[in-house]
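# got a predicted model here, sequence first, then my questions.
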Amino acid sequence: MNDLILRYYCRGEGNRIIRELLEEVRNKLSISYEVIGGPYNELKDREIYERDFRPKAKVLKKRTGRSIRELRSRRGHYYVSILGTIAVIRNGLVEWWTLGDEDIIAFLKELLEEGKEYILRLIGD
């Protein structure tokens with residue numbers, strides 16, 4: 001369980017509430033987190049999409065019910081950081097994700113309420 005990391009992809013410093021909840025998760029549940037922020041850079045978002053999300057696209061769709069295509073436009077632009085995305089990383093691989101501040105906040109609050117078992121249910125362990 002110690003190999004789990006929450007990775008928050010965002011523009012700039014991201015949402016203050018999300019960052020506070022991530023800190024609370026770290027303190028309460030000992031789950032570390034990373035924030036991948038800064039100014040929007042489509043090349044960086046493309047690299048993240050191709051490296052982190054695409055290799056597990058089928059598994060992620062099964063677990064989340066969402067296609068990773070939500071992180072791209074129809075014209076092929078990449079938007080991993082624009083709306084904010086959080087991913088559960090295990091052994092360096094994305095195991096689950098959600099998109100948008102409201103969904104991220106709901107996920108983090110549920111995690112704080114239910115504990116690590118919540119993540120295990122999400123990733124099928």
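Arrived safely.
# show me what secondary structure element comes after the helix or strand bottoming out on mean pLDDT in the chain.
The helix or strand of the chain with the poorest confidence is helix 42-48; it has a mean of 90 (mean pLDDT, DSSP states H and E). Per DSSP states H and E, the first helix or strand lying C-terminal to helix 42-48 is helix 57-64.
# who does the helix or strand that comes right after that following helix pair up with?
Following helix 57-64 in sequence order, the next helix or strand is strand 85-90 (DSSP H and E). Strand 85-90 has the following strand partners under DSSP bridges: strand 4-9 (antiparallel), strand 93-99 (antiparallel).
# pull out the buried positions in strand 85-90.
Judged by neighbour count using 16 or more other C-beta atoms under 10 Å, the buried positions of strand 85-90 are 85-89. Every C-beta, even on glycine, is put in place using the N, C-alpha and C of the backbone.
# distance of the residue lying farthest from the centre of the chain from Glu42?
Largest separation from the mean C-alpha position in the chain: Arg75, at 23.1 Å (C-alpha atoms, centre = their mean). The gap separating Arg75 from Glu42 is 11 Å, by C-beta to C-beta, to the nearest Å.
# now swap in Ile82 and tell me
10 Å.
# which residue is the nearest non-sequential neighbour of Lys109?
Leu21 (6.9 Å; C-beta to C-beta, 6 or more residues apart in numbering).
# so Gly84 sits right up against Thr98, yeah?
No. Gly84 is beyond contact range of Thr98, at 9.4 Å (criterion: C-beta atoms under 8 Å).
# neighbour count winner among these two?
Gly84 (22 against 19; other C-beta atoms under 10 Å).
# residues contacting the more buried one?
Contact analysis of Gly84 by C-beta atoms under 8 Å, 6 or more residues apart in numbering lists 8-11, 14-15, 18, 99-101, 104.
# of these, which is the most crowded?
Tyr9 (27 neighbours).
# ok, what's across the strand from it?
Bridge pairing for Tyr9 - DSSP bridges - gives Ile36, Thr85.
# if anything else comes up later, I'll come back, but that's it for now.
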